[in-house]
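Chemist: Need a 3D model of the sequence below.
(one chain, ligands or ions: 2)
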Amino acid sequence: MPPPDPRPLSIATVASEFAPFAKTGGLADVTTALTDRLHRDGHDVRMFLPLYRRLRDTDLDIVPVDFVRNATMQIGPWSLDWSLCTARVGDAGQPIYLIDCPALFDRPDLYGDARDEHVRFIGLSRMAIESCQRMGFSPDVFHVNDWQSALIPVFLRTSYAWDALFARTKTVLTIHNIGYQGAFPADILDDTGLREHARALHQEDLARGVINFLKTGILYADALTTVSPTYGREIQTERYGAGLHDLLRRRSDHLVGILNGVDYATWDPRHDTKIPYRYGPGDMAGKTENKRALLESMGLPHDPAAATFGVVSRLAYQKGFDLFFDTMPAFLAANDVRLVVLGSGEAKYAGFFSRLQQAFPSRVSFYHGYSDELAHRIEAGADFFLMPSRYEPCGLNQMYSLRYGTPPIVRKTGGLADTVQLFNARTGNGNGIVFERFGSDAFRWALGYALDVWRDPAARARIIENAMAADYSWERQARIYVALFRRLASR
Ligand code: ADP
Ligand code: GLC
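Modeler: Ligands and ions are numbered 1, 2, ... in the order given. Next up, the predicted model:
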C-alpha cells in the first residue's frame, strides 16, 4: 500500500445552509459538521455562504475581509454590490466566509419564490468563485451542494476557464435531495452569463425552455456524491430519480453514496445542554425524566407505561405523513399512547396534525413551527421516533434518535435503509422498526410491532441498547470524502 498522503487539501465548500443559524433541514447540519471536521484534520477548508439577514442577529463576530470590499457584479440586468465577510465558528474556530450582498440575501427567509431566486444563487456561486480569485485561493476541490451551487462546475469550465488559478481544481457535487433541482425558464439564460457558452447547457432542456441547475451540475462535476449508498442506487431508478435517473446512470462511474455523519458534540444525551436531564448507556434514569418533562411541557398527561411517539420534521411530501391519515386516528383511539409532533411546512400536513390534536387532546400535542431546543427534547423524551419517508436521501433524525435510545420507526428507503435494521425479538438483533412498502397496512404493522416491543421489557431494553450502540461519527465519514478529494486532486 502507498503511504498516506499527509499533504493537507485546500477545499472551497459552497452551500446555502449552515447550522444552527441558517438552517431549514439536514443540509445545514451536514455542511457545518463536515467542514468543521476537515478543518480539525488540518485541511484548508473555506466555506462560502450567503450573509442572510438572520445571521446578523446572532452572536457571530462578523468582520469584513479587506480585499473584497464594495465590489460590483453584473448578473443580467441586476447590478449587485457585494463584499466578503468572515467569522469563526465552532470550538475549533473554523473560518467561514459570508457573502454580503444585501440585494440578494438581506431577506427574512433563506429561500423564496421571488422572480430573482435564480439570481440569488448564481450570485452565491459566482461570488464564491470571485472571492477565491481575490484571495488568490486555488482549491484542490470545489465542493458544491445541491442546486444552489451546482452551476459552479460549468462556470469554472466556461466563464472562468481563463483563470489559471483553477486549472487544477476539481469539482464535487453532493446531491442532498434530488427533489429540489432549481429548474428555471430558459429566459434566464442571460442571467447565467452563459449565452456565449449556451452549447455547454443541456440542449434538449434548452429547446424545451428549461435551465436546470442540478442537472447542469451533474453534467459537469468531476465527481458526484449523494448522502447514502442506498440513495446513490435509488436515484438511478425511474422511481427515485426525479427525471435525472438516465443521466445519473450514464455518470454512475463518477457517483458514490457517502453516508452522512452525526455531530455527536451536538447530538448526544450524555452532554446535550438543550435537554433537562442527561443520560447514556448504563445510566438511563435521565431518559425517564426527560419523557415526563417533555409531556408536561407539551400539555399531555404523563403515564410512564404509555409509549410516546415523536416526530421532528419538515412537513413535506417526501416525509410520508400521508400514511398517518388513515392509520393514526384508529391507532390513537385504540391505544393509550402519546404522539408529540414538531414540524413546519405544507398546510395539508399541519392541518392534519392540528385536527388530530383536537380529536385526541390528551394523546397528541403538535408544535407548529421550528424549534431547535424542542427537537432535542423530543429526541430525548420520546420512546419511538417516526420517520415513514417516501424517500430519504440520508436522514439525520433517525441517527440522532438511535443515539438518544429512541428506536426509529422508518420506511426502508435511502439512508433509513442504511442505518436502521428491523429488530428481531428472537435473535435480539436490530435497532429499530423497519417497514418496506409505502402503504397503510405496512405502517399499521410497524406501529403494532413497536407496541409489542414496548410491552416486552427484555425486548424493549435490548432494542434501546442496540440503538445506542450505533456509531455514525463524522470522523469516519469525513475520511471517505478526503480519500475521494485526494483521488481527484492527484489526477
Ligand atoms: P431533511 O434535511 O430532509 O429535513 P434530515 O433528517 O436530514 O431531514 O434533517 C432534518 C434536520 O432539521 C434535523 O436536524 C432536525 O432536527 C431539523 N428539523 C426539522 N424540522 C424541524 C423543526 N420544525 N424544528 C427544529 N428542527 C427541525
Ligand atoms: C436533505 C435530505 C436528508 C439529508 C439531508 C442532509 O435535506 O432530505 O435526507 O439527511 O439533506 O444531507
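Chemist: Quick one: mean pLDDT for stretch 95-115?
Modeler: For stretch 95-115, mean pLDDT rounds to 96.
Chemist: And the strands in the stretch 151-300 of the chain, which stretches?
Modeler: 170-175, 183-185, 210-212, 223-226, 255-257 (DSSP state E, counting those that start in this stretch).
Chemist: Packing partners of the fourth one?
Modeler: Meaning strand 223-226. Applying 3 or more CB pairs under 8 Å, 6 or more residues apart in numbering; DSSP states H and E, we find strand 223-226 packed against strand 170-175, strand 255-257, helix 474-489. Every C-beta, even on glycine, is put in place using the N, C-alpha and C of the backbone.
Chemist: Would you mind getting the angle between the first one and helix 474-489?
Modeler: When axes from the mean of the first three to the mean of the last three CA atoms, to 10 degrees is applied, the directions of strand 170-175 and helix 474-489 differ by 140 degrees.
Chemist: Strand 170-175 and ligand 2 in contact?
Modeler: No. Using CB under 6 Å from any ligand atom, strand 170-175 stays clear of ligand 2, coming no nearer than 7.6 Å.
Chemist: Check the shortest one too.
Modeler: No. When contact is scored as CB under 6 Å from any ligand atom, no part of strand 255-257 falls within range of ligand 2; the minimum is 11.1 Å.
Chemist: Residues of the stretch 151-300 of the chain that sit close to ligand 2?
Modeler: When proximity is defined as CB under 6 Å from any ligand atom, the stretch 151-300 of the chain approaches ligand 2 at His176, Asn177, Val227, Asn260.
Chemist: hmm, try it at 8 Å
Modeler: Residues of the stretch 151-300 of the chain lying close to ligand 2 by CB under 8 Å from any ligand atom are Thr174, His176, Asn177, Gly179, Val227, Ser228, Tyr231, Asn260.
Chemist: Just the buried residues of those.
Modeler: Among those, those classed as buried by 16 or more other CB atoms under 10 Å are Thr174, His176, Asn177, Val227, Ser228, Tyr231, Asn260.
Chemist: so what's the last one closest to, chain neighbours aside?
Modeler: So the one you mean is Asn260. Nearest residue to Asn260, sequence neighbours excluded (CB to CB, 6 or more residues apart in numbering): Cys394, at 4.4 Å.
Chemist: So the residue in the chain that ligand 1 sits nearest to versus Lys319, what's the distance?
Modeler: The minimum distance from the chain to ligand 1, using CB to the nearest ligand atom, falls at Gly26 (2.2 Å). Computed with CB to CB, to the nearest Å, the distance linking Gly26 and Lys319 is 12 Å.
Chemist: got it, and Val119?
Modeler: Relative to Lys319, Val119 is positioned 30 Å away (CB to CB).
Chemist: What ranges does the stretch 1-150 of the chain have for its strands?
Modeler: Using DSSP E, counting those that start in this stretch, strands in the stretch 1-150 of the chain cover 10-14, 44-50, 63-64, 71-75, 78-89, 94-100, 141-145.
Chemist: who does the fifth one pair up with?
Modeler: Partner strands and pairing direction for strand 78-89 (DSSP bridges) are strand 63-64 (antiparallel), strand 71-75 (antiparallel), strand 94-100 (antiparallel).
Chemist: Make a markdown table out of those and add mean neighbour count and distance to Trp474.
Modeler: Below are the strands paired with strand 78-89 laid out as a markdown table (neighbours: other CB atoms under 10 Å; distance: least, CB to CB, whole Å):
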| stretch | mean neighbour count | distance to Trp474 |
| --- | --- | --- |
| strand 63-64 | 12 | 27 |
| strand 71-75 | 14 | 34 |
| strand 94-100 | 23 | 13 |
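Chemist: Right, I'll leave it there.
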